[in-house]
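1. Give me the fold of what follows.
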Amino acid sequence: MKKLIIAAFALVAIAISPKTFAQTKMVGGAAMYPTKDIVDNAVNSKDHTTLVAAVKAAGLVETLKSAGPFTVFAPTNEAFDKLPKGTVETLLKPENKEMLTKILTYHVVAGKWSAAELMAKIKAGNGTAELKTVSGGTLKAMAQGKKVYLVDEKGGKSWVTIADVNQSNGVSTL
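-> Numbers count the residues shown, from 1 in each chain. A predicted model of the protein is given here:
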């Protein structure tokens, strides 16, 4: 399941006050409003329809609508499309809810991690920052130039593509 991280964007959920319209960013063709929570924003992104379906199937909507703080590294549709044929359909079946939940929570890290904070943690760790996931796994964050990338336990690699998207319960680092 390492490819679930590929081409990911990160949603960082923290309690913050609403930000100004000037801080609204576009993700998947939709504005990510700082007055909406991460779920309400994600459902509008055309690049995250598979993720939204998976979050619903796993019963994680309420969790991702909560105050957090937590960071969600959320795979795009393109990342899901790289999985072997039939994988997504199989994971979305009710009998596979536990497995799907484990995979999705592997993409969740406790705490707030903006791009700047993640870069600082990488620098402090001499080039690597280990992030413990909610599912009990570990993601490694590293930098190449000014870009941050994540490496999962199986060696799958993904890049952060859009940083610091403000939301009512967090800030997204995509």
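
2. List the backbone torsions phi and psi for the spatially closest residue to Glu153 that is not a sequence neighbour.
-> Leaving aside its chain neighbours, Glu153 sits nearest to Gly137 (5.7 Å; criterion: CB to CB, 6 or more residues apart in numbering). No exception for glycine: its C-beta is placed from N, CA and C like everyone else's. For Gly137, the backbone dihedrals are phi -90, psi -180 (criterion: degrees, to the nearest 10).

3. which residues does the most centrally placed residue in the chain bridge with?
-> The residue lying closest to the centre of the chain (CA atoms, centre = their mean) is Phe73, at 2.0 Å. Beta bridges link Phe73 to Ala10 when assigned by DSSP bridges.

4. Could you double-check that it lies in contact with Leu139?
-> Yes: assessed by CB atoms under 8 Å, Phe73 is found in contact with Leu139 at 7.1 Å.

5. hang on, the earlier thing: report pLDDT for the residue nearest to the centre of the chain.
-> Per-residue pLDDT puts Phe73 at 82.

6. One more: Ser158?
-> 91.

7. now do Asp37
-> So, for Asp37, pLDDT stands at 82.

8. Likewise for Ala115?
-> Listed pLDDT for Ala115 reads 84.

9. tell me which element the closest residue in space to it that isn't next to it in sequence falls in.
-> Among residues not flanking Ala115 along the chain, Ala163 sits closest, at 3.7 Å (CB to CB, 6+ apart). Secondary structure from DSSP states H and E places Ala163 outside every helix and strand.
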